[in-house]
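# fold the following for me, if possible:
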Amino acid sequence: MPKPSGQVVLITGAARGIGAETARELARRGARISLVGLEPDELRAVAAELGEGHTWFEADVTDPGSIEAAVAHTVEVLGGIDVVIANAGVAPFGTVRNHDPRAFTRTIDININGVFHTARAALPHVIERRGYVLVVSSLSAFTPVGGMAAYTASKAGAEALASALCSEVAHLGVAVGSAHPSWIDTDLVREASSDLRSFREMRKALPWPMHATTSVEKCAKAFADGVERRARRIYVPRAIMLMHWLRNLPASKPVSWLMRPTLRKLVPKMEREVAELGRSFSARNDRLQSK
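Numbering: from 1, shown residues only. Model prediction:
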């Protein structure tokens, strides 16, 4: 089993949250990190924290030329790529009925197309080193929740893309995995909870293990362990594995019947709160998407 010591790991969405913490954890294990994202000041700060032997590059995963430049920079500075973690993602607010079409389309562009552009650009170098691709999906890929249609659809698509890619490159010695974190204590989740009371109430109404919150440090450790194992799937927390194998349960008639009173109350409330908020993303992500 290959260890990350000395390996080059490119991580998208690495300026903060899961991406930045995974970079720290892998760097502690001896990996050399290429931090890629949209926030140059934060990327520069994380790279400085990691110390010598790491690099960063400002890039937009929805722009093929931009992510290709980030890959080229990584290869030039660090000598190649062993592992790529397609982590960049956004989670907008809103129901299908009232969703801002631009926000929905932007979510698909980042969360699915961004994975495709990242994997495609890095694959020649990962194949050369018989490396590993990790696509960050979500618990939401197999447990759809009202008010998160764009996120759920995009993360289910990302999981499917990872599965297809796995079958395409196995004969080349490349392993592919998908990660399925539940609620992680990141800026993204905290900002959504702060913006929408209905979001907080929705989370509380979900059954175990769907409502559990995991620290970003524990999530990063699980990701780094998965990189070491070249894992096919990573669940955070591990109990999420149960929901994967029971993935048809949330859409079943008994569960729909049990959740109906809660959703009848919370979905209209969320629609009103999003309308009053006047935006579909958290304040920070809204600024980034408008660049």
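
# where does the stretch 151-291 of the chain have low pLDDT?
186-211, 242-260, 262-267, 269-271, 274, 277, 279-291 (pLDDT under 70).

# which parts of it are helices?
Taking DSSP state H, counting those that start in this stretch, the helices of the stretch 151-291 of the chain run over residues 187-195, 197-205, 216-229, 240-245, 253-277, 283-289.

# one more: the stretch 1-150 of the chain?
17-28, 40-50, 64-78, 101-108, 114-128, 149-169.

# tabulate the ones you listed in a markdown table, adding columns for mean neighbour count and distance to residue 227.
(Each C-beta comes from the backbone N, C-alpha and C, glycine too.) Shown next, in a markdown table, are the helices of the stretch 1-150 of the chain (neighbours: other Cβ atoms under 10 Å; distance: least, Cβ to Cβ, whole Å):
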| stretch | mean neighbour count | distance to residue 227 |
| --- | --- | --- |
| helix 17-28 | 23 | 7 |
| helix 40-50 | 16 | 16 |
| helix 64-78 | 18 | 16 |
| helix 101-108 | 16 | 26 |
| helix 114-128 | 21 | 12 |
| helix 149-169 | 20 | 14 |
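
# as a markdown table, those helices with distance to residue 224 would be great.
Below are the helices of the stretch 1-150 of the chain laid out as a markdown table (distance: least, Cβ to Cβ, whole Å):
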| stretch | distance to residue 224 |
| --- | --- |
| helix 17-28 | 4 |
| helix 40-50 | 14 |
| helix 64-78 | 18 |
| helix 101-108 | 27 |
| helix 114-128 | 18 |
| helix 149-169 | 18 |
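
# ok, which of those helices comes nearest residue 34?
Closest to residue 34 of those is helix 64-78 (Cβ to Cβ; 4.0 Å).

# and the closest one, what does it pack onto?
Where contact means 3 or more Cβ pairs under 8 Å, 6 or more residues apart in numbering; DSSP states H and E, helix 64-78 is packed against strand 8-12, strand 32-37, strand 55-58, helix 114-128.

# which residues touch that helix?
Outside of helix 64-78, the residues within contact range by Cβ atoms under 8 Å, 6 or more residues apart in numbering are 8, 10, 12, 32, 34, 36, 53, 55, 57, 59-61, 81, 114, 117-118, 120-122, 125.

# what sits against the residue nearest to residue 129 when sequence neighbours are not counted?
Distances taken as Cβ to Cβ, 6 or more residues apart in numbering put residue 82 closest to residue 129, at 4.9 Å, once the chain neighbours are dropped. Residue 82 sits next to 2, 7, 8, 9, 126, 129, 131, 132 when contact means Cβ under 8 Å, 6+ apart.

# ok, the second one touching residue 31?
When you say that, I think you mean residue 7. Yes. Counting by Cβ atoms under 8 Å, residue 7 touches residue 31, with 5.1 Å between them.

# the more surrounded of those two?
Counted by other Cβ atoms under 10 Å, residue 7 and residue 31 do not tie: residue 31 has more neighbours, with 26 against 23.

# my read: the more buried one touches residue 6, true?
Yes. Using Cβ under 8 Å, residue 31 is in contact with residue 6, at 7.5 Å.

# end-to-end on stretch 102-120?
The first and final residues of stretch 102-120 sit 25 Å from each other (Cα to Cα, to the nearest Å).

# need the helices and strands packed on helix 64-78 in CSV (columns: mean pLDDT and distance to residue 93).
Formatted as CSV, those follow (pLDDT from 0 to 100; distance: least, Cβ to Cβ, whole Å):
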stretch, mean pLDDT, distance to residue 93
strand 8-12, 98, 23
strand 32-37, 98, 22
strand 55-58, 98, 26
helix 114-128, 98, 20
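
# now render the ones you listed as CSV, adding distance to residue 235.
Below are these laid out as CSV (distance: least, Cβ to Cβ, whole Å):
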stretch, distance to residue 235
strand 8-12, 19
strand 32-37, 24
strand 55-58, 29
helix 114-128, 19
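
# residue 275 and residue 99, how far apart?
To residue 99, residue 275 is 11 Å away according to Cβ to Cβ, to the nearest Å.

# higher neighbour count, those two?
Per other Cβ under 10 Å, whichever of residue 275 and residue 99 has more neighbours is residue 99, with 20 against 10.

# who touches residue 27 in this structure?
33, 50, 51, 54.

# and the residues you listed, which two are furthest apart?
33 and 51 (10.2 Å).

# the two: which is more packed in?
When residue 33 and residue 51 are compared on other Cβ under 10 Å, the one with more neighbours turns out to be residue 33, at 29 against 8.
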